[in-house]
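[1] Quick one, what's the 3D model for this:
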Amino acid sequence: MQDRYINRDLKNVIDTGREEASLARAQEIARRMKTGGEPISKIAAYTGLTADQIRQL
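    Just a heads-up that it's a prediction; the model follows:
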């Protein structure tokens, strides 16, 4: 029974790490696009970030 909880917790940690890495990658792409002068609407479409998230970069 305890192994099930450990496996669940480990899976949650791995999933969280993947989500954070994916967000970091999207933010990096958005920063580059923003620096390159791309419109926020295009950046949002390509990265999945919201306009507010992009403005805060």
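[2] Which positions within the helix or strand where Asp9 lies qualify as buried?
    Element membership for Asp9, per DSSP states H and E: helix 2-35. Buried positions in helix 2-35, judged by neighbour count with 16 or more other C-beta atoms under 10 Å: 26-27, 30, 33. The way it works is simple: take the backbone N, C-alpha and C, and place the C-beta from them, glycine included.
[3] And these, which is closest to Gln2?
    Ala26 (36.5 Å; C-beta to C-beta).
[4] Hmm, that closest one is touching Ala44, no?
    No. Checked against C-beta atoms under 8 Å, the pair Ala26 and Ala44 is beyond contact range at 10.1 Å.
[5] okay, and the common contacts of the two?
    Overlap of the contact sets of Ala26 and Ala44 (by C-beta atoms under 8 Å, 6 or more residues apart in numbering) is empty.
[6] show me where pLDDT drops low in this protein?
    Along the chain, segments meeting pLDDT under 70 span 1.
[7] tell me the contacts of the residue with the shortest distance to the centre of it?
    What sits nearest the mean C-alpha location of the chain, by C-alpha atoms, centre = their mean, is Leu23, with 1.1 Å. Residues in contact with Leu23 (C-beta under 8 Å, 6+ apart): none are found.
[8] What spatial separation is found between it and Lys11?
    19 Å (C-beta to C-beta, to the nearest Å).
[9] Can you report how many residues neighbour Ile54?
    Other residues within reach of Ile54, judged by other C-beta atoms under 10 Å, total 21.
[10] Check which helix or strand it maps to.
    Per DSSP H and E: helix 51-55 holds Ile54.
[11] Packing partners of that helix?
    helix 2-35, helix 40-47 (3 or more C-beta pairs under 8 Å, 6 or more residues apart in numbering; DSSP states H and E).
[12] mind putting those helices in JSON lines, distance to Gln53 included?
    What follows is those, written out as JSON lines (distance: least, C-beta to C-beta, whole Å):
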{"stretch": "helix 2-35", "distance to Gln53": "8"}
{"stretch": "helix 40-47", "distance to Gln53": "8"}
